[in-house]
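K.L.:
predicted model and sequence follow; I will ask about them next.
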Amino acid sequence: MILTLNVGSSSIKFALFGAEGAVLRGAVDGVGQATPRLVVTRDGAKETTALPAGDHAGLIRDVLDRLSAATPGVRVEAVGHRIVHGGPDFAAPVLLDEGVMTALARLVPLAPLHQPHNLAGVRAAQAAFPGAAQVGCFDTAFHRGQPRLQDLFALPRRFFDEGVRRYGFHGLSYEYVSGALAAGWPAEAAGRVIIAHLGSGASMCALSAGRSVGSTMGFSALDGLPMGTRCGRIDPGVLLWMMREKGMDAAAIEKVLYTESGLKGLSGVSGDLRAVEAAGTPEAEEAIAYFVTRAQREIGGLAALLGGLDAIVFTGGIGENAVRVRAAICDGLGWLGLVLDPARNAGHGPRITADASRVAALVIPTDEEAMIARHTRGVVG
């Protein structure tokens, strides 16, 4: 079988795939907290287990040990890994040998909250399954063919040559969703589409005939939309002010931008939208309104880049489940010809716009693990 391992900044997701698809899926939530939980879904049944507190590396080892014990007789032929950053050179899935691992380690400064944990997952899988091929699948690869103008910053060109460019992220999710869109709604997929991957990490991608032509995330996973704990787009002058006036160094600023901002920073409650909605405080309501407003603004910019819009697709934890947020975003898009159907939206679609709407809005669940498994199978044959 093929095992997929998707190690994020605060979670660990995994799945075991046979010839007919996933036979087991699992996730660890609360990594880095006092009471992480392992949830495993198999044959439609869920089992939840409390895990001892630990760092990413320790919890990954624990999960892989439990997985081996729970699946006696199963031989893992290959392990597919989500690697957040592939830099300018990795535009397709690859076997992870020591040379590739060294190159990926050099990209840690570009994704400090993700890349180290991704690579720790590879090392743990190498130890747990020494005979299995290890395959890296990159979140940046989907965007590597976008127009050069979408890669550039208006900086001296020497910085571009050193790797300072817009990369875009969530590529595995966009690749899966665009494929599902083409299978179910081929007319829309052939046109001008925005996919909104909204979750604790949030971004949007503009696609023309299925190809990425622009993304809200850029050099790092901080840019664009506000997120659970990340700030999204910000004036660089604010960072200079933090340095000069507050005496903050790079580590202190990084902590604020990655872990104390976004919904958490504005609401003062949490980076989890469900908790923010439940709080109902003026600050929480303002945080939701800010998220919606920024989403509408990014949609407008991407629609301009595309020269119009034929469909918008919502995916990710917020995009798939947050009825209120989807409605608020869509209610501001009437100028594009989008007419929301409240009943369809409440039922989570898949189509959530009225029949008369010129722009289709859809809800399509993403499956990054399936995409990783597909790529892994392709690499190892």
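P.N.:
Perfect, I can see it now. Residues are numbered from 1 along each chain as shown.

K.L.:
am I right that I234 is in a strand?
P.N.:
No: counting by DSSP: H, G, I helix; E, B strand; the rest coil, I234 is not part of a strand but coil.

K.L.:
show me the contacts for it.
P.N.:
If you count contacts by C-beta atoms under 8 Å, 6 or more residues apart in numbering, I234 has them with 222, 257. Just so you know, the C-beta spots here come from the backbone N, C-alpha and C atoms, and that holds for glycine as well.

K.L.:
and it, what's its pLDDT?
P.N.:
I234 carries a pLDDT score of 97 in this model.

K.L.:
can you list the buried residues in stretch 86-95?
P.N.:
The neighbour-count check on stretch 86-95 (16 or more other C-beta atoms under 10 Å) flags 86-87, 90-91, 93-94 as buried.

K.L.:
show me the contacts for V339.
P.N.:
353-354, 356-358.

K.L.:
who wins on neighbours among the residues you listed?
P.N.:
When neighbours are counted by other C-beta atoms under 10 Å, T353 leads the contacts of V339 with 23 neighbours.

K.L.:
what's the most distant pair in the buried residues of stretch 86-95?
P.N.:
Farthest-apart pair in the buried residues of stretch 86-95 is G87 and P93; separation 14.5 Å (C-beta to C-beta).

K.L.:
hang on, Q134 in a strand?
P.N.:
Yes: with three-state DSSP as the criterion, Q134 is part of a strand.

K.L.:
and the gap between it and L152?
P.N.:
Using C-beta to C-beta, to the nearest Å, one obtains 34 Å as the distance from Q134 to L152.

K.L.:
with neighbour numbers in mind, choose between those two.
P.N.:
Taking neighbours as other C-beta under 10 Å, Q134 and L152 compare with Q134 leading, 24 against 13.

K.L.:
pretty sure the more buried one contacts V122?
P.N.:
Yes: shown here, Q134 and V122 form a contact pair, counting by C-beta atoms under 8 Å, at 5.6 Å.

K.L.:
shared neighbours, these two?
P.N.:
Here Q134 and V122 have 79, 81, 96 as joint contacts, going by C-beta under 8 Å, 6+ apart.

K.L.:
by neighbours, which of these wins?
P.N.:
That'd be V79 among the shared contacts of Q134 and V122, by other C-beta under 10 Å, with 25 neighbours.

K.L.:
from E77, how far off is the residue lying closest to it once chain neighbours are set aside?
P.N.:
Distance criterion C-beta to C-beta, 6 or more residues apart in numbering; nearest residue to V79, sequence neighbours excluded, is A125 at 4.3 Å. Between A125 and E77 the distance is 12 Å, computed by C-beta to C-beta.

K.L.:
what do the two both touch?
P.N.:
A132.

K.L.:
who's more crowded, these two?
P.N.:
The neighbour comparison of A125 against E77 (other C-beta under 10 Å) goes to A125, with 25 against 15.

K.L.:
for G30, give me its contacts.
P.N.:
10, 36-37.

K.L.:
which helix runs longest in the protein?
P.N.:
If you go by DSSP state H, the chain has its longest helix at helix 282-306.

K.L.:
related to what we said a few turns ago, max pairwise distance over the contacts of V339: which two?
P.N.:
Greatest spatial distance in these: A354 and R358, 10.1 Å, computed using C-beta to C-beta.
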